[in-house]
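Colleague: Need coordinates for the following:
(chains A and B)
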Protein chains: 2
Amino acid sequence: MKETEKAFIAGFLDADGSVYVRLKPNKSYRFDFQVAPYIVFFQKEEKAKVLAYIKNLLKVGYLRTRKDGVVEYTIGDVDGLKKVIKTTILYSVLKKEQLQLIDQILSFKKKIRNGKDFLKLAKMIDQFEILNYSKKRTINSQEVEVALKRKKLL
Amino acid sequence: MKETEKAFIAGFLDADGSVYVRLKPNKSYRFDFQVAPYIVFFQKEEKAKVLAYIKNLLKVGYLRTRKDGVVEYTIGDVDGLKKVIKTTILYSVLKKEQLQLIDQILSFKKKIRNGKDFLKLAKMIDQFEILNYSKKRTINSQEVEVALKRKKLL
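Modeller: The predicted structure is shown next:
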């Protein structure tokens, strides 16, 4: 990919993209939570060709049209996320820290051994709430701590 | 400016920018309308540093915070517009045609001699309604035609 193509994607991500991790309660996982990292690009349906253009450059993730007509280009798999991070981190102005954080989370996630590690991961995920100026400010780690103690994993 | 900086601006413009021309009724102008072309970048206040970054690269236009907290980076002068067009047109995916059209309008505007020319300009401006997927679909040229006929300029 050309450097200018990478910079274009970074500019688009800064404006109409989102970098975040969801912690979803899910009893089928060891620590009762699924860790789901995402990079998503948004655009109105009539302008969605730019998302197809970006997807064609990155060759990861998938496009989906929401009921409200907004098209989402979502990357949620580890290899895809690493590709997007590597492509955009040098040129992003607004989301450099989020991209670094999601990269750290992907690395740390692989090394989790126990409840203490998982709580540390949850605290890393909390940082997105601040970086993304979230109004909800969900404290994931508090919920995780309660769940881990209940399971005697902390 | 680096090519990657230009490409970043183009990506940002494609996502959160707008390229348009307003035809404002104004009796102090020869044809009763002011032709006001704009390129505007938008962003929430907490992320406005990216607009300052882009303004610092382009060195044209001005920043303004709206009452609803959205920050607008507006370029409305001919030299500024030409600078933004030249910088982004090669890398824009979504707004290439709008950038070409505004460039044509800036050139044609200087050569206007009579009412017929001005009506032609108004028809060029109409094309933005289609390119920008405007829901209002204002037909500027119809209003202009009525005004020019009333003034016996057509």
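Colleague: for chain B, what are the nearby residues on chain A?
Modeller: A:3-17, A:43-44, A:46-47, A:49-50, A:53, A:91, A:93-94, A:133 (C-beta under 8 Å from any C-beta of the partner chain). C-beta: built from backbone N, CA, C; applies to glycine.
Colleague: Which of these fall in helices?
Modeller: A:3-16, A:49-50, A:53 (DSSP state H).
Colleague: Of the residues you listed, keep whichever come out buried.
Modeller: The neighbour-count criterion (16 or more other C-beta atoms under 10 Å in any protein chain shown) marks A:4-16, A:50, A:53 among these as buried.
Colleague: ok, now how distant is the one residue sitting closest to the centre of chain A from residue A:132?
Modeller: Centroid-nearest residue in chain A, with C-alpha atoms, centre = their mean: residue A:38, separated by 2.8 Å. Residue A:38 sits 12 Å away from residue A:132, going by C-beta to C-beta, to the nearest Å.
Colleague: residues shared between the contacts of the two?
Modeller: Taking C-beta atoms under 8 Å, 6 or more residues apart in numbering or on different chains as the criterion, residue A:38 and residue A:132 both touch A:18, A:19, A:20.
Colleague: Taking chain A, what residue is nearest to chain B?
Modeller: residue A:11 (2.6 Å; C-beta to the nearest C-beta).
Colleague: Just give the nearest non-adjacent residue to that residue, would you?
Modeller: residue B:11 (2.6 Å; C-beta to C-beta, 6 or more residues apart in numbering or on different chains).
Colleague: Enumerate every residue touching the one you found.
Modeller: Applying C-beta under 8 Å, 6+ apart, the residues near residue B:11 are A:7, A:8, A:9, A:10, A:11, A:12, A:13, A:14, A:15, B:91.
Colleague: Also residue A:79?
Modeller: Residue A:79 touches residue A:60, counting by C-beta under 8 Å, 6+ apart.
Colleague: follow-up on the earlier one: looking at the buried ones among the ones in helices among the residues of chain A next to chain B, which is nearest residue B:145?
Modeller: residue A:50 (35.2 Å; C-beta to C-beta).
Colleague: buried ones in the helix ranked longest in chain A?
Modeller: Determined from DSSP H, the single longest helix within chain A is helix A:115-131. Buried residues in helix A:115-131, counting neighbours by 16+ other C-beta under 10 Å, are found at A:115, A:118, A:119, A:121, A:122, A:124, A:125, A:126, A:128, A:129, A:131.
Colleague: Same check on stretch A:50-66?
Modeller: Applying 16+ other C-beta under 10 Å to stretch A:50-66 flags A:50, A:51, A:53, A:54, A:55, A:58, A:60, A:61 as buried.
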